[in-house]
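Asker: all I have is the shape, not the residue letters:
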């Protein structure tokens, strides 16, 4: 049976009656973005049916590429719900790649992460194929996608040579970085985690030095568990000697947080801009310094 407190913290306590209407609004805004922006949908990056990404080209000279991994507790949802975020970043000169990934229980979580890893070289190659500078790569994501963004920051791609440490910055929104509490929830029916697998798939326990700058974000109206997840990964990142900033977005729940993420006048937007500058500096130091 699910542990009642963990179940509340990660499932019932996160839910809002507003979610259905808000997600429908996001989907409509995403459809409008497809009609009005230069984009290529469902670019394959692997053999799996869900190993595809949407690519929105930067307005003007690209200043970098933002990869975005969607929410859904690794077992639901689709990138098409979140295409609405692309215009906020293409207008800032970033290419935006919204990445799908296989879902549990079709694959185990470790296999899901490995499949998502394969997107990085393909996104970089697609950006380079536009004939313009690629610039820094920022891994971003929301909820389960925040977990994947952090996992990519810990990865290496030897096949990319000088760019083996491909990720230059991280923006993780409302992520889960210690998966141990999920074992005792209804979410685990599809995740299939035991204590050992939960720890092995928890990036919180694998933070090392020389990682890219990161911005960890959580909504102020989310449950205590999500606030603590954000605080712990922020402290771990800093504790290993890496740059980290944390933003608790006032009045935001798990999905309304994304409105502040794309709003140019929000405090969160200012922190995102700072993170993008740090990622650009890290990239410049590595390749043009």
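Answerer: Structure's in. What do you need? Predicted model only: the values in this text are computed from it and were never measured.
Asker: any idea how far residue 24 is from the nearest residue to residue 264 once chain neighbours are set aside?
Answerer: Nearest residue to residue 264 in three dimensions, chain neighbours excluded: residue 88, at 7.1 Å (C-beta to C-beta, 6 or more residues apart in numbering). To be clear about C-beta, it is placed using only N, CA and C from the backbone, and glycine gets the same treatment. Residue 88 sits 19 Å away from residue 24, going by C-beta to C-beta, to the nearest Å.
Asker: pick out whichever of these two has more residues nearby.
Answerer: Using other C-beta atoms under 10 Å as the criterion, residue 88 and residue 24 rank with residue 88 on top: 18 against 11.
Asker: give me the phi and psi for that one.
Answerer: As for residue 88, its main-chain torsions (degrees, to the nearest 10) stand at phi -60, psi -30.
Asker: for it, give its distance to residue 140.
Answerer: Taken as C-beta to C-beta, the span from residue 88 to residue 140 is 12 Å.
Asker: overlap in contacts of these two?
Answerer: Counting by C-beta atoms under 8 Å, 6 or more residues apart in numbering, residue 88 and residue 140 have no contacts in common.
Asker: which stretches of the stretch 101-250 of the chain have low pLDDT?
Answerer: Applying pLDDT under 70 to the stretch 101-250 of the chain picks out no residues at all.
Asker: that one: helices as residue ranges?
Answerer: 109-117, 119-128, 144-154, 188-191, 195-200, 224-239 (DSSP state H, counting those that start in this stretch).
Asker: looking at those helices, which is buried most?
Answerer: helix 144-154 (a mean of 26; mean count of other C-beta atoms under 10 Å).
Asker: just checking, what packs against that one?
Answerer: strand 64-69, helix 109-117, strand 137-142, strand 169-173 (3 or more C-beta pairs under 8 Å, 6 or more residues apart in numbering; DSSP states H and E).
Asker: that one to strand 64-69, inter-axis angle?
Answerer: 130 degrees (axes from the mean of the first three to the mean of the last three C-alpha atoms, to 10 degrees).
Asker: got the contact list for residue 66?
Answerer: 89, 94-97, 138, 140, 171.
Asker: and what of residue 236?
Answerer: Residue 236 touches 177, 204, 207, counting by C-beta under 8 Å, 6+ apart.
Asker: any idea which helix is longest in this structure?
Answerer: helix 267-287 (DSSP state H).
Asker: same for that helix, what does it pack against?
Answerer: Partner elements for helix 267-287 (3+ C-beta pairs under 8 Å, 6+ apart): strand 64-69, strand 137-142, strand 169-173, strand 214-219, strand 244-249, helix 257-262.
Asker: hang on, the earlier thing: go through the helices and strands packed on helix 144-154 and name the closest to residue 271.
Answerer: Ranking the helices and strands packed on helix 144-154 by proximity to residue 271 (C-beta to C-beta) places strand 169-173 first, at 9.0 Å.
Asker: list the contacts for residue 230?
Answerer: 174-175, 216-218, 246, 248.
Asker: that one and residue 245: what is the separation?
Answerer: 11 Å.
Asker: what is in contact with these two at once?
Answerer: By C-beta under 8 Å, 6+ apart, the residues touching both residue 230 and residue 245 are residue 216.
Asker: what's the closest non-adjacent residue to residue 275?
Answerer: With C-beta to C-beta, 6+ apart, the residue lying closest to residue 275 is residue 215, at 4.2 Å.
Asker: how many neighbours does that neighbour have?
Answerer: For residue 215, using other C-beta under 10 Å, the count is 26.
Asker: give the bridge partners for it, please.
Answerer: Beta bridges link residue 215 to residue 171, residue 245 when assigned by DSSP bridges.
Asker: my guess is it meets residue 272, correct?
Answerer: Yes. The pair residue 215 / residue 272 is scored as a contact, 6.5 Å apart, by C-beta atoms under 8 Å.
Asker: got phi/psi on residue 81?
Answerer: Torsion angles, degrees, to the nearest 10, at residue 81: phi -70, psi -20.
Asker: tell me the secondary structure for the nearest residue to it once chain neighbours are set aside?
Answerer: Once flanking residues are discounted, residue 81 sits nearest to residue 27: 5.3 Å by C-beta to C-beta, 6+ apart. Per DSSP: H, G, I helix; E, B strand; the rest coil, the secondary structure class of residue 27 is helix.
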